[in-house]
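[1] Any chance you could fold what I've pasted below:
(chains A, B, C, D, E and F, ligands or ions: 5)
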Amino acid sequence: MPNAESNSRSPSTTEKLISVTNLCCSRGERVLFNDLSFTANTGECVHIVGPNGTGKTTLLRTLCGLNGSDKGDIRWLGQPISLSDAFTHQAVYIGHKDALKNELTALQNLRFNQQLESIHDEDALENSLLRLKILACADLPVQALSFGQRRRLAFAKLLLYPKSVWILDEPFTGIDAHGRTLIENLCVRQLKDGGTIIMTHHRSLQETALRTYSKEVFIQPQESIL
Amino acid sequence: MPNAESNSRSPSTTEKLISVTNLCCSRGERVLFNDLSFTANTGECVHIVGPNGTGKTTLLRTLCGLNGSDKGDIRWLGQPISLSDAFTHQAVYIGHKDALKNELTALQNLRFNQQLESIHDEDALENSLLRLKILACADLPVQALSFGQRRRLAFAKLLLYPKSVWILDEPFTGIDAHGRTLIENLCVRQLKDGGTIIMTHHRSLQETALRTYSKEVFIQPQESIL
Amino acid sequence: MMNWGEFFNMGGYAFHVWTSWGLSLASMITIVILGRRKNAKIKAQLANQIRREAKINSDNQEQ
Amino acid sequence: MNALLLNTLTLYFRREWQLMFRNTGTLVQPLVFFVIIALLFPFSLPVDLDLLEKIGGGVIWVSAVLATLLSLERMFHGDYLDGTLEQLLIHHRYLPLAVLGKVIAHWSATGLLLSLMSPFLCLAFNVPVEQIWVLFIGLMLGTPSLTLLGAIGAALTVTLHRGGVLIAIIILPLYIPVLIFGAGMLSQQVQGLEILSQIYTLAAILVLALTLAPFAIAAALKATIN
Amino acid sequence: MNALLLNTLTLYFRREWQLMFRNTGTLVQPLVFFVIIALLFPFSLPVDLDLLEKIGGGVIWVSAVLATLLSLERMFHGDYLDGTLEQLLIHHRYLPLAVLGKVIAHWSATGLLLSLMSPFLCLAFNVPVEQIWVLFIGLMLGTPSLTLLGAIGAALTVTLHRGGVLIAIIILPLYIPVLIFGAGMLSQQVQGLEILSQIYTLAAILVLALTLAPFAIAAALKATIN
Amino acid sequence: MNPVSATWNFLYKTYHRLASPREFYTIAQYTTPVFGVLAFVLLLCGAYLGLFKAPADYQQGDSFRIIYVHVPAAWLSLMVYVTIATAAAIGLIWRMKMAFVVAICSAPLGATFTALALITGSIWGKPIWGTWWTWDARLTSELILLFLYFGVIATYYAFEERKTAEKAMAMLAVVGVVIVPIIHYSVEWWSSLHQGATVFAEGGPRMPADMLTPLILMIFGFMFFYGYALFIAAQNMVLNNERKSKWVRELVTVNINTTH
Ligand code: HEM
Ligand SMILES: Nc1ncnc2c1ncn2[C@@H]1O[C@H](COP(=O)(O)OP(=O)(O)OP(=O)(O)O)[C@@H](O)[C@H]1O
Ligand SMILES: Nc1ncnc2c1ncn2[C@@H]1O[C@H](COP(=O)(O)OP(=O)(O)OP(=O)(O)O)[C@@H](O)[C@H]1O
Ligand SMILES: [Mg+2]
Ligand SMILES: [Mg+2]
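    Numbering: from 1, shown residues only, chains lettered A, B, ... in the order given. Ligands and ions are numbered 1, 2, ... in the order given. Take a look at the predicted model:
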């Protein structure tokens, strides 16, 4: 799973999994953030905090290479992401758009994702549904699922194959108390296994099981965005 | 705004604004809930509670007449909703789909909604954006808004014209702490003015400003939905 | 001097010549007028936006 | 009462127009398709002005039918996806009238524009002047029926992801009579025959569609959305 | 390495086919449109078998171009809306190849099916047997170029709500040469002239499109998604 | 300093000044009226000479006077497209903001010229060829050019995010430039009703001087008009694009204060 070299958690600079320096992003004419720097290590959950519209989603998408940035750079084990193949192989992003096909059933959606990694394992599919408690919906087309069930299905994908970095945009929206505990535990397991999580969430992580792993990065609103 | 006759809050049966008796709804072959009964009075916030996939959204949509029900009935001031004109004039529903046009700006979207009620008041538009702190986004097309800004815009519509019943599906998703307080205060104001709110939310309302007005209705999961 | 009637007749091709010339002239004038109007509109919009920002600022200070 | 009815009609008409106006793409789409379809023919047929003249009228009619057909999918689907249609159903004061307003707006951006455009296309096809008139009248009488009939198909398939084909299959049988009478006028006229009976038939179809279709559309929307 | 490249190609090809297979509508849509467009003509032209025979080949070519054009909007837009495209970009191992796989799958459901269907339509139009062959070969060589070129337009407009018209306007100038050479073969053949030069030109366009278009598509996707 | 390097320095400086929106705006405030006046004078002289002084053609009679609007419009329709494609390429390669502005502001103007060439050509064709329209190579390719202009304009305005819009528009504009030689050489490559090169023919123009002079004046008049209209449009676009910047805000507030 995560790279062997970066498995220890000592804060030596060579081992930062992801490091962001002086990043500056803008949308339209509006500068969203300026000079943002942080690092993410293995076993660390970086919690991006900021009011609505400060650019949290934009930041996550920039980390994935989906948006360009105006200035600054993003490195993955010291390499710029545009060059790093490791990035595309080891990161997974779950945003508000859940990449689920409405006309396929829950199971078929998962199977598709598995195929992209050239794996074939029916049991793993069912197990991941079971772990998120939506196995009962396995054969329903995704459009019939409730909002929360749909979100859970998006998370079930995380369990199909090991990836060292999870990038999650508001993972707990629409999920009930029991589901939240489930997902928190999945995250803790990921961190314990030496993975990294970068997430946004509108409440403090102190009340969750992630509290001991989390580190807050606050995005300062630039102008009167709100 | 709300009907004069139903302005006092004594629990006499004739004055129930909305009463639901022995309602039963199903989706596909699956019974979601059975024998659900509750009433909603003026100045009351009915909080529908239940784990993911129990049928909260289905219930709200049924109250609006968007879904059919299998059994039971729903009355509005004693009249079945199919006959009650009052219902269509006095209720407003905000679900996950926010009825915002991506290609129009925030202001244009609001103006559209106002026009449907044959009102024309530019100041009211700007003020409702200001009250939800998204006036700065007034001229951005909705598709450029962040998730939270978009949700706020959906709520700004509530302020355009007085409606006595608000039906809200997970109103706080994607909204930051400050926004939550804003929306709670809007709700309190609505209740104080003699309105009614029916909402779903995955956390307890006890931690919010709505605590004194709220009444929980729990939907018992029927079979192994999760 | 020349005969104006004959001139406008254009040897029987009045329709062809004058519509061609007329359309060219009309489109040039339209382009210029539209450009000018756009300028005024942009400036008005900007002024409105500046007013609105003042409103947001005063609202923020109230709190 | 009458004023209120008219109000609903014009309200939805205006709303639809404004929406189309914001999004120039939607507004000119049918027109562009109409012109493109018609213009593909000269490129694909042997260079022969006589041949073009003979088929010109027919090609223009087919292009009009296709352009209308292709625009239908968009009539309700966007409103369905973003939730506007739900809102319309909830607040349905006089649903058939609201729908009629929408349909008329839609027609004015398809059929009306197409008819006005047709004389220019006729020039490109070398169609003689007497025939241009016949074509124009035929299109003005025929296209509203096309839109009204098509809207029924659009309403029936509104909840489907890829309703396009289904609409085409459903309403094509309804379109063929209009096409036969409309395009038939041209060949009648070329042969020096009377065309009044065709005009009456088209007018009769239009009157029938105008009175019945709005109710059918409203009923179809109510039945399919849940 | 080579095996891996081939793997990417086949993976996305298979995935696309499976997806189309689930949703029969998508699969048969181009075919249905193709047949419908072609069959509208006999209804709208004066009854005259000679005329039909003369225009038959041209009509079939136009129908093929239109059917391809109409299917393009769906090529990437669905994937964009639900977030699958983002995932593809993030994990872009050999993006142009993945894209090529998709395009080939798409072609096999449009161009290939259409070409196979064309001989039957020819019968309906009384097209003589020698011409049927020319038409078939022309379509088999021309339609892949149509899909490849069209995919560039589809990629440029993928983020737009109503990309359809724009795609049509953008790629029409690119389609016209293919149409001229493809349909030109028919009239050459009727006049008893050589058609080899046309065949070579179509083949050259195809080779060019096949080598360059995947990179253009990938670049366009990267440039527009953000 | 030798003249070559002096010129180079001057060009280099102007390039950099024009590349900054603010500098461009200031410079344009002076150049716009100059272009406008030049265009007006040239067009006026051209029209006077063309309508009053030039003799009627011995074959076409007075209908040939359409040439004075048809040829400039047709010629500009090609020149403007080349400008757009060049600017778009510069924008894509060197990421120069103003290049995109020039490209997109030129597009509606080019489309207008193309439409004018098509319309005046058709009007001219009716008496000369006996038909408004045929499907020959030159006319058809000019029509495709019009569609291409529409495509460029539509692509730019379809996108919300300006950077994306610029890139998409530029990609299309660059790809589309293949059509220009096709239009220009169409009369040679395919048989066509349209006449071959007359003005820009090998071995000099085949036209008497009193017919040619107004044509040259009109062509330059059209070119300066294009420059004039381009400056107006580009200034508008710069104002709009830079509406967050301080200098535009000051400009507008000064404007408000002086007008009220
Ligand atoms: C719709 C019809 C027409 C169109 C679209 C059209 C288009 C064009 C274009 C694009 C050019 C510029 C070619 C270049 O610079 O390479 C041009 C030039 C010209 N056209 Fe037309 N034209 C049309 C009709 C006519 C007619 C009817 C005449 C007169 C008989 C005519 C006379 C000329 C002349 C004299 C030139 C200048 C040729 C040269 O010196 O290069 N055009 N036209
Ligand atoms: N074209 C544009 N012009 C100006 N501002 C824009 C434009 N497009 C997007 N924005 C702004 O960029 C910001 C995007 O923020 P983003 O979606 O990253 O916010 P977020 O921090 O994820 O917020 P939320 O908590 O609401 O999800 C918003 O403030 C939005 O208004
Ligand atoms: N065709 C179908 N067959 C069987 N079950 C279905 C079908 N369509 C929907 N369902 C089920 O109906 C339920 C719909 O629930 P609804 O959306 O009302 O849930 P909810 O209480 O709002 O949940 P959430 O908290 O996740 O929003 C889901 O459990 C879903 O699986
Ligand atoms: Mg966000
Ligand atoms: Mg729900």
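
[2] neighbours around D:Leu52, how many?
    21 (other C-beta atoms under 10 Å in any protein chain shown). (C-beta placed from N, C-alpha, C; glycine too.)

[3] Which residue would you name as the spatial centre of chain A?
    For chain A, A:Ile167 is the residue whose C-alpha lies nearest the centre (C-alpha atoms, centre = their mean; 1.8 Å).

[4] quick one: low-confidence ranges for chain D?
    For chain D, the stretches flagged by pLDDT under 70 are D:1, D:25, D:93, D:162-163.

[5] give me that answer again for 80
    Within chain D, the segments meeting pLDDT under 80 span D:1-5, D:7-8, D:22-26, D:46-50, D:73-74, D:90-94, D:161-165, D:190, D:192-193, D:226.

[6] helix or strand right after the biggest helix by length in it?
    Ranked by number of residues, the top helix in chain D under DSSP state H is helix D:49-82. Going down the chain from helix D:49-82, the next helix or strand is helix D:84-90, by DSSP states H and E.

[7] does any part of that following helix sit near chain A?
    No. Using C-beta under 8 Å from any C-beta of the partner chain, helix D:84-90 stays clear of chain A, with a minimum separation of 15.1 Å.

[8] Contact partners for the residue most central in space within chain D?
    Nearest to the mean C-alpha position of chain D, by C-alpha atoms, centre = their mean, lies D:Thr147 at 3.6 Å. By C-beta atoms under 8 Å, 6 or more residues apart in numbering or on different chains, the residues touching D:Thr147 are D:Thr68, D:Leu72, D:Val103, D:His106, D:Trp107, D:Thr110, D:Gly111.

[9] I'd like the residues you listed as CSV, with neighbour count appended.
    Formatted as CSV, those follow (neighbours: other C-beta atoms under 10 Å in any protein chain shown):
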residue, neighbour count
D:Thr68, 27
D:Leu72, 27
D:Val103, 26
D:His106, 28
D:Trp107, 23
D:Thr110, 29
D:Gly111, 26
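
[10] Let's see the strand or helix carrying C:Glu6 as PDB, backbone CA atoms only.
    Following DSSP H and E, one finds C:Glu6 within helix C:4-9. The C-alpha coordinates for helix C:4-9 follow below in PDB (Å, rounded to 0.1, in the frame of the first residue of the first chain):
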ATOM      1  CA  TRP C   4     -29.300  63.200 -59.900                       C
ATOM      2  CA  GLY C   5     -32.200  61.100 -61.100                       C
ATOM      3  CA  GLU C   6     -29.900  59.200 -63.500                       C
ATOM      4  CA  PHE C   7     -27.300  58.900 -60.800                       C
ATOM      5  CA  PHE C   8     -29.800  57.200 -58.400                       C
ATOM      6  CA  ASN C   9     -31.000  55.000 -61.100                       C
END
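
[11] which other helices and strands contact the helix or strand just after that helix?
    Using DSSP H and E, the helix or strand that follows helix C:4-9 in sequence is helix C:14-62. Identification of packing neighbours for helix C:14-62 by 3 or more C-beta pairs under 8 Å, 6 or more residues apart in numbering or on different chains; DSSP states H and E yields helix B:122-131, helix F:67-94, helix F:97-129, helix F:209-241, helix F:246-259.

[12] Report the angle between the shortest one and helix C:14-62.
    This means helix B:122-131. 50 degrees (axes from the mean of the first three to the mean of the last three C-alpha atoms, to 10 degrees).

[13] right, is helix B:122-131 up against chain D?
    No. Helix B:122-131 stays clear of chain D (C-beta under 8 Å from any C-beta), getting no nearer than 15.0 Å.

[14] near chain D, anything from the next helix or strand after that helix?
    Moving toward the C-terminus from helix B:122-131, the next helix or strand (DSSP H and E) is helix B:147-156. No. Helix B:147-156 lies out of reach of chain D by C-beta under 8 Å from any C-beta, never closer than 9.3 Å.

[15] From the chain's centroid, how far away is helix B:147-156?
    14 Å (C-alpha atoms, centre = their mean, to the nearest Å).

[16] From the contact counts, what lies against that helix?
    helix B:106-116, helix B:122-131, helix B:177-192.

[17] one more time with 7 Å, if that's ok
    helix B:106-116, helix B:177-192 (3 or more C-beta pairs under 7 Å, 6 or more residues apart in numbering or on different chains; DSSP states H and E).

[18] give me the number of residues near F:Gly151?
    That count, for F:Gly151 with other C-beta under 10 Å as the rule, works out to 25.
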